[in-house]
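Would you be able to build a 3D model of this:
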Amino acid sequence: MPSFVRISGAFAAAAFFALAALPFDASALSKRDQAAVDALNQRMQAAEAKYRAALVQIRNADPDGQKLSDAALEDMEDVITACNKQKGCQLTTMLTSYKRLLKANADAESRADAGDEEDEAPLDADGSFAVDVPQAARAAALLNADGQRFVKMVQYNPAVQAGIRRWLTDMRGSLIQSHENYQYLRQMMWPQYERAGLPEALLFGIMAKESNGRVHSTSRAGAAGPMQFMYATGRRFGLGDDGTGFDTRYDARASAQASAEYLNERMGALNNSIELSLAAYNGGEGRAQRVFNASGGRNFWDESVYNQFPAETRDYVPMVIAAAWLFLHPKEYGLSFPKVDPKPANLRLSQPSSIYQLTICLGNGGSRDGYMRALRNLNPRYQADSYLAAGTSLNATTRIVGLYNRWCVQGARADLARTLMLSDPNNAIVRTGPVTMVESPDSSDGTLPVAAAAPPAPKPDKKAPSAPSSYRVQRGETLTSIAQKFQCDTGRLAKRNGLKAPRYAIRPGQKLKLDDCR
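Reported below is the predicted structural model:
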C-alpha cells in the first residue's frame, strides 16, 4: 500500500509542507526564473493589499467590498497556480499569506457576527482548510497538495481529454449540477476520503459520473445512492437496512466511507492503480482482478488489459478521471462553478409540511434550481412528498432556514404552497349525470327533440370532514397520495399498517388504519 493510501490527510499535508520548506538554492536559478519568482511575489503582495482593503470596505458595509474580496482571492489563486509551475517559487510563502488573510477575514466576521464561535477559526486544528473557507482559497490549497497527489496518480491521455471534451459540451450541465450538489454534501463526504488518504477530486469524479450528486439515485441494475453501490457490495462494507427500513446506501456519509474503504481495498490488490480500481468499481472486482493477474500486472491502458473490459467500463474510467481533472482545474477550461452557501443549520418545522411544499414556498432565493435537491440530499430518510409533523427537525443550511422563516411560516406564499400540495386532480372532473331527451311542447310542427339540462351537481360542503379511522385503497392510489389526501405523515402511516420502505406496497381494496390523520 503506498504512502498516500496509508497516511491520513493531515499527515499527508504536513509531509507536503515539510518537503516544500526544504531550503532552495537561489543561486541555482537562471535570471529569467528569478525574475519570474520576483514577479509572482509582487503579484501576491498586491493581491494581499487588495484583500485587506476589501475587508475594510466590508466592515463599513460598502457593497463593493465583497466583489473586491472575490477578485483578490482569484488573483491569489492565479498566483499560486503559477507558483506551482515555476521553478524556485516557494509555495509555503504563498500559503502563509493565505492563512494570514483568512484569519483576518475570520476575525472580521467574528466581530460583525456578535460572538458566532463557528466563524472564529477558518482553519482546522491540523492546519487544513475548513468547510466554510472561501472557494478560491480551498481551490488553491487543493492544487498545492491534494490535487497534485491526484494528478500524479493518474494518466492524462487522449481518452481523458475526450472525457473532458464531453463534460464541457453536452454534459456541461450535468457537471455543474454535480458540483452544486456536492457543495451541500461535502461536509459529510470529504472527511471520509480525507481520513482514508484519498484525493477529494477522486470522490467528486466518481460521484459526478455515478449519480450527479443525487442521493436518491438508483439504476436499473439495482445500484443505489450517491456512490451507486450494489446491494451485495454495500453489505460487505456496512451499507444496507439499518433496522428502521432505511437503506444506508442513500446516506451520503456512510456511502462515502464505504466507497473509500472499497477503493483502498482494490488499490491494495491492484498495484495501487486508480484506473484498475475504478474499473473494478464499475465492471466488477472479480473481473478486474482476473484481468490484472492474467496480464502480469500491466496497467489499465495496456491493450491486453483495456480490451478485456466491457465498453461501459472503458468509458467509465476516463470519464471519472476527466471530471476529477475539471474539479481541480476549472479556470484553465473556462469553467465556472456556481457558488452556494452550504453552512449547515437545523430547520425545525413549525407546522406540518413536506419537502415538496417547502420547495415551493422557499422559492429560488438566488439559486438556479431552488432547494428541493439540497433538502432531499441532506435528508435522505424522508420522501419528498411525505408529510412531516410539526416539530420535525431537518438538516438544512443557514440560507434555507432564513427563507423558511420569511416565506413558509405564514403569508400568501405559505398558503399557496399548502393549497398546491393539497390539490387533487380528481376534483377537477365535473359530473353532470346522464343527458335525458324530452319532446318539444309542440312536436307536431316537426321540430327535433331537445335535451333537457340535467340538474346542477350538488356543491361540495366547504367544511372539510375529519379523517375516518380507516380507509379502503382505491385503484391507482399510492400510500403517499393517501397520506396527502388525509394529511398524514407517510412514515407513520406505513409503520401503523406494517408497510416496509421504500416501496410501501399497497393493493386495491386493502384497508388502512388512519391513526394520527386529520
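
List the buried residues in stretch 374-393.
Buried positions in stretch 374-393, judged by neighbour count with 16 or more other Cβ atoms under 10 Å: 374-388. Where C-beta positions appear, they are placed from N, C-alpha and C, glycine not excepted.

now, among those residues, which is nearest to Q474?
D385 (17.8 Å; Cβ to Cβ).

Would you agree the closest one is in contact with L479?
No - in this structure, D385 is not within contact of L479 by Cβ atoms under 8 Å, at 10.3 Å.

between the two, what contacts are shared?
Common neighbours of D385 and L479, counting by Cβ atoms under 8 Å, 6 or more residues apart in numbering, are T490.

Tell me which helix or strand comes right after the lengthiest helix in the chain.
Secondary structure of the chain read by DSSP state H shows that its longest helix is helix 31-59. Note on helix 31-59: by DSSP states H and E, the next helix or strand toward the C-terminus is helix 65-85.

Which ones among the buried residues of stretch 374-393 lie within helices?
Using DSSP H, those in helices are A374, L375, R376, N377, L378.

Let's have those residues in a markdown table, adding pLDDT and distance to R220.
As requested, those are exported to a markdown table (pLDDT from 0 to 100; distance: Cβ to Cβ, whole Å):
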| residue | pLDDT | distance to R220 |
| --- | --- | --- |
| A374 | 97 | 26 |
| L375 | 97 | 26 |
| R376 | 97 | 21 |
| N377 | 97 | 22 |
| L378 | 98 | 26 |
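
three-state assignment of the closest residue in space to G370 that isn't next to it in sequence?
Distances taken as Cβ to Cβ, 6 or more residues apart in numbering put N364 closest to G370, at 5.3 Å, once the chain neighbours are dropped. Secondary structure for N364, judged by DSSP: H, G, I helix; E, B strand; the rest coil, is coil.

Ok, the one 3 residues further on next?
S367 carries the three-state label coil when classified by three-state DSSP.

How about S481?
Per three-state DSSP, S481 ends up helix.

got the contact list for the spatially closest residue to V56 that is not a sequence neighbour?
Distances taken as Cβ to Cβ, 6+ apart place G65 nearest to V56, at 7.6 Å, with adjacent residues excluded. Going by Cβ under 8 Å, 6+ apart, G65 touches A54, L55, V56, Q57, I58, R59.

separation between G65 and K50?
In this view, G65 and K50 are 11 Å apart by Cβ to Cβ, to the nearest Å.

Can you get me a residue count around the residue nearest to G370?
10 (other Cβ atoms under 10 Å).

got a pLDDT number for it?
On pLDDT, N364 comes in at 90.

Equivalent analysis for the one 4 residues further on, please.
R368 carries a pLDDT score of 83 in this model.

The nearest residue to it once chain neighbours are set aside: neighbouring residues, count only.
Take R368 and drop its neighbours on the chain: the residue closest to it by Cβ to Cβ, 6+ apart is P338, 6.4 Å away. Using other Cβ under 10 Å, P338 has 12 neighbouring residues.

host element of P338?
Here P338 is assigned to no helix or strand, by DSSP H and E.

likewise L347?
strand 344-348.

okay, that strand in PDB with CA atoms only?
Taking Å, rounded to 0.1, in the frame of the first residue of the first chain, the C-alpha atoms of strand 344-348 are listed here in PDB:
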ATOM      1  CA  PRO A 344     -25.200  23.700   8.000                       C
ATOM      2  CA  ALA A 345     -28.200  24.700  10.100                       C
ATOM      3  CA  ASN A 346     -31.100  22.900  11.700                       C
ATOM      4  CA  LEU A 347     -34.600  23.600  10.400                       C
ATOM      5  CA  ARG A 348     -37.400  22.800  12.800                       C
END
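
hmm, who's touching stretch 366-376?
So stretch 366-376 is contacted by 177, 180-181, 184, 213-216, 338, 340, 355-356, 358-359, 362-365, 382, 384, 394, 396-397, 400, 403 (Cβ under 8 Å, 6+ apart).

ok, residues contacting stretch 240-260?
Under Cβ under 8 Å, 6+ apart, the answer for stretch 240-260 is 185, 188-190, 192-193, 195-196, 198, 203, 206, 215-216, 224-227, 229, 231, 234, 237-239, 377, 380-381, 500-502.

hey, where'd the strands end up in the chain?
344-348, 393-397, 436-438, 450-452, 470-472, 511-513 (DSSP state E).

Quickly compare those strands and say which is most buried.
Of those, the one with the most neighbours on average (mean count of other Cβ atoms under 10 Å) is strand 393-397, at a mean of 19.

just checking, what packs against that one?
With contacts defined as 3 or more Cβ pairs under 8 Å, 6 or more residues apart in numbering; DSSP states H and E, strand 393-397 has these neighbours: strand 344-348, helix 372-378.

for it, what is the average pLDDT?
Here the average pLDDT along strand 393-397 is 97.

With just CA atoms, put it into CSV.
Provided in CSV are the C-alpha atoms of strand 393-397 (Å, rounded to 0.1, in the frame of the first residue of the first chain):
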residue,chain,number,x,y,z
SER,A,393,-36.0,18.7,12.5
LEU,A,394,-34.5,18.8,9.1
ASN,A,395,-30.9,19.2,8.0
ALA,A,396,-30.6,22.4,6.1
THR,A,397,-28.4,25.5,5.6
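
Okay, angle between that strand and strand 344-348 too, please.
Angle between the axes of strand 393-397 and strand 344-348 is 140 degrees (criterion: axes from the mean of the first three to the mean of the last three Cα atoms, to 10 degrees).
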